[in-house]
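Asks: Got a sequence here, can you model it:
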Amino acid sequence: MDSLFKTYVTLLILLPRFFVFSEGRNIDPNLTNHIGGVDYTKPEITTNSKGHWVIDHKNVGVGAMQLQLMPNDRVVWFDATTLGPSALKLSPKGNCPVNIDVNDQPDCFAHAVSYDWINRKVKPIVVCF
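Replies: Numbers count the residues shown, from 1 in each chain. Now for the predicted structure:
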């Protein structure tokens, strides 16, 4: 118990040195709302960029838990294998590796994809368990 108390006191002494609290932060007065808080509906930064977001593909079938842009203009992403089926079946038909995360049952759904963003093509990737 004495050790836990010493740890607690040490943290109380050291934490303020590692964190910057909002009282000392410089906030642009143009961003504050009528009650003194920050209005996050206004942009903090203005830019002359003409870029914009476009939905390139409505649904590739696999959620992105991890995503990587590859040098060959492909985007590869992986999702968990334990959360159930995805919206994309593996091909060819019958290509169902055994999933050790779900009691060694065959899993015929993709949990990873390679996406060619130039040609807008999705290719399922088989995840080896």
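
Asks: drop to CA atoms for contacts and neighbour counts, all remaining ones
Replies: Noted.

Asks: Where do the helices of the protein begin and end?
Replies: 2-18 (DSSP state H).

Asks: any chance you could map the strands in it?
Replies: 66-69, 74-78, 98-99, 105-106, 112-116, 121-124 (DSSP state E).

Asks: Need the winner for burial among the ones you listed.
Replies: Among those, judged by mean count of other CA atoms under 10 Å, the one packed with the most neighbours on average is strand 112-116 (a mean of 22).

Asks: quick one, that one and strand 74-78 angle?
Replies: 160 degrees (axes from the mean of the first three to the mean of the last three CA atoms, to 10 degrees).

Asks: So what touches strand 112-116?
Replies: For strand 112-116, contacts defined as CA atoms under 8 Å, 6 or more residues apart in numbering pick out 60, 62, 73-79, 121-127.

Asks: on that earlier part again, could I get the strands of the chain as TSV with mean pLDDT and distance to residue 88?
Replies: Shown next, in TSV, are the strands of the chain (pLDDT from 0 to 100; distance: least, CA to CA, whole Å):
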stretch	mean pLDDT	distance to residue 88
strand 66-69	90	17
strand 74-78	91	13
strand 98-99	84	16
strand 105-106	86	15
strand 112-116	92	9
strand 121-124	91	8
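
Asks: Tell me which of these lies nearest to residue 86.
Replies: Minimum separation from residue 86 across these (CA to CA) falls at strand 112-116, 9.4 Å.

Asks: partners of that closest one in the sheet?
Replies: Paired with strand 112-116 in the same sheet, following DSSP bridges, are strand 74-78 (antiparallel), strand 121-124 (antiparallel).

Asks: Same list, those, but as CSV with distance to residue 50 please.
Replies: Conversion of these to CSV gives the following (distance: least, CA to CA, whole Å):
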stretch, distance to residue 50
strand 74-78, 24
strand 121-124, 26
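
Asks: Tell me which of the ones you listed lies nearest to residue 48.
Replies: Each of the strands paired with strand 112-116 has some distance to residue 48 by CA to CA; the shortest is strand 74-78, at 27.6 Å.

Asks: Perfect, I'm done here.
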